[in-house]
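Student: Output the structure for:
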Amino acid sequence: MHVGMATIFQNPDRDNGVSDHTVYQKEMTLALMAEDLGYESVWGVEHHFTDYTMTPDVVQFLSYVGGACKKVKLGTMVVVLPWNDPMRVAEKISQLDCMSNGRVIFGIGRGLGRVEFEGFRVEMGESRERFVESATMILDGLEQGYCEYSGDHIKQPKARIRPEPFASFKNRTYAAAVSPESSEIMAKLGLGILVIPQKPWEEHAAELKNYNELFMKMHGVAAPRPYIGAWIACDKDPNKAEAMAREYIAGYWNSVVKHYEMGSDHFASTKGYEYYEKLTETIAEQGISGMADFFMDLQVWGTPEQCFEKIKDIHSRTDCCGFTGVFRYAGMPLEMAQSNLTTFAREVMPELKLLGHRPLFDMEEDEAPAFMAAE
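Tutor: Below you'll find the predicted structure:
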């Protein structure tokens, strides 16, 4: 199994005098430790305007990492397409891939935060349609060397991508999908699934089974194996690991509730987000603390042995090709995060890499984009 790490740049302590600059220096310390510890990829997330996470340009972040590190693959988790000009996304991804010699893993999504849609003056109820149009244009563009599209929201005259893509992005492009409707869209687009756990693992497994069947029916080939991301709290002392999880994974959940306004009823009246109405109803029934315990149980925490067994169980349910952990969140002290990252690397990762071992993707074996193969 491919094993990566992600940095998310949260700053819940700004009101207590912690600057965003300080957060960045701490998170970059972790990101630049990854390669030497044996992590095979570094991932960044895109979010805007709040202390929830502060990576407004995930490609720029990965460009820095890709220059400082020479082997790790560079994953976007995710680029939110409705907030970005799709032509610029295609250019930036191709540029990053050229600069890093083919190390990009391209993750995309449609967004969930109302504050972010409002900040970019994009109608949230249009996000699904905008995502499909943007994704179609970008994915086709990366294979054919130019973008051209005429849809309800995206109208792009023919323009070449320069630097032009030199390797196909097939089988290394993933999309975050939570609702069953999204899984169907991702299968149609030919995308792999990036699973960020928000529901019981048996539900994720059932939806992946449906996605795999749809993908085979639509494309005549097996779907890319899914990729998993989760929050980690790993310590050799089981009591310390549990304390870390209860303070910081639960603290991260509270930041989710705040950023996405989970206590609000706006999902019910927003087209394309009906699934999340069920989540807000569950929060109302169980309370934020009850849902924090539920969210914590979906993540990976405990001793190294417990962490391995949890991921092994996830793998048995999903046949995932890779796993990325988030090791610092909710204001966790840097020293604790470094220990979390290091303990996992030394005690858990060696066994994980043997679990269902198959390469994530191999640039030497990947086909060239169609336009280059034809030349």
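
Student: need the contact list for His48.
Tutor: Pro56, Trp83, Gly113, Glu116, Gly119, Phe120 (C-beta atoms under 8 Å, 6 or more residues apart in numbering). (C-beta placed from N, C-alpha, C; glycine too.)

Student: So which of those residues sit within strands?
Tutor: Per DSSP state E, strands hold no members of the contacts of His48.

Student: Just the buried ones among these, please.
Tutor: Trp83, Gly113, Glu116 (16 or more other C-beta atoms under 10 Å).

Student: In JSON lines, list the residues you listed along with distance to Leu74 and pLDDT.
Tutor: Listed next are those as JSON lines, based on distance: C-beta to C-beta, whole Å; pLDDT from 0 to 100:
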{"residue": "Trp83", "distance to Leu74": "20", "pLDDT": "98"}
{"residue": "Gly113", "distance to Leu74": "24", "pLDDT": "97"}
{"residue": "Glu116", "distance to Leu74": "23", "pLDDT": "98"}
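
Student: coming back round to it: mind putting the contacts of His48 in CSV, distance to Ala292 included?
Tutor: Listed next are the contacts of His48 as CSV, based on distance: C-beta to C-beta, whole Å:
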residue, distance to Ala292
Pro56, 27
Trp83, 28
Gly113, 19
Glu116, 23
Gly119, 27
Phe120, 30
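
Student: circling back to that earlier point, looking at the buried ones among the contacts of His48, which is nearest Glu335?
Tutor: Gly113 (30.5 Å; C-beta to C-beta).

Student: residue contacts, that closest one?
Tutor: Going by C-beta under 8 Å, 6+ apart, Gly113 touches His47, His48, Thr50, Tyr52, His259, Tyr260.

Student: which two of these lie the greatest distance from each other?
Tutor: Maximum pairwise distance among the contacts of Gly113 (C-beta to C-beta): 13.3 Å, between His48 and Tyr260.

Student: which two from the contacts of His48 end up farthest apart in space?
Tutor: Longest span within those, C-beta to C-beta: Pro56 and Gly113, 12.7 Å.

Student: what's the overlap in contacts for these two?
Tutor: His47, His48.

Student: ok, so of the contacts of Gly113, who is nearest Ala337?
Tutor: Distances from Ala337 to these, taken by C-beta to C-beta, are shortest for Tyr52, at 17.6 Å.

Student: Extract the C-alpha set from stretch 57-69 and format it as CSV.
Tutor: Written as CSV, here are the backbone C-alpha positions of stretch 57-69 (Å, rounded to 0.1, in the frame of the first residue of the first chain):
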residue,chain,number,x,y,z
ASP,A,57,-3.5,27.4,-3.4
VAL,A,58,-2.6,23.8,-2.9
VAL,A,59,-0.6,23.6,-6.1
GLN,A,60,1.7,26.4,-4.9
PHE,A,61,2.2,24.6,-1.6
LEU,A,62,3.1,21.4,-3.4
SER,A,63,5.4,23.2,-5.8
TYR,A,64,7.5,24.2,-2.7
VAL,A,65,7.4,20.6,-1.4
GLY,A,66,8.3,19.2,-4.8
GLY,A,67,11.3,21.4,-5.0
ALA,A,68,12.5,20.7,-1.5
CYS,A,69,12.0,16.9,-1.8
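
Student: Can you tell me what sits against that stretch?
Tutor: By C-beta under 8 Å, 6+ apart, stretch 57-69 touches 7, 28, 31-32, 34-35, 42, 44-46, 55, 72, 74-79, 92-93, 96, 99-100, 103-104.

Student: what comes up buried for it?
Tutor: For stretch 57-69, by 16+ other C-beta under 10 Å, it's Val58, Val59, Phe61, Leu62, Ser63, Val65, Gly66, Cys69.

Student: Could you check how far the first one is from Thr29?
Tutor: Going back to what we said before, that points to Val58. 18 Å (C-beta to C-beta, to the nearest Å).

Student: what does the fifth one give?
Tutor: Computed as C-beta to C-beta, the Ser63 to Thr29 distance reads 18 Å.

Student: coming back round to it: so which of the contacts of stretch 57-69 are in helices?
Tutor: Within these, residues falling in helices by DSSP state H are Met28, Ala31, Leu32, Ala34, Glu35, Lys92, Ile93, Leu96, Met99.

Student: Would you mind checking the contacts of stretch 57-69 for buried ones?
Tutor: By 16+ other C-beta under 10 Å, the contacts of stretch 57-69 give 7, 28, 31-32, 34-35, 42, 44-46, 55, 72, 74-79, 92-93, 96, 100, 103-104 as buried.
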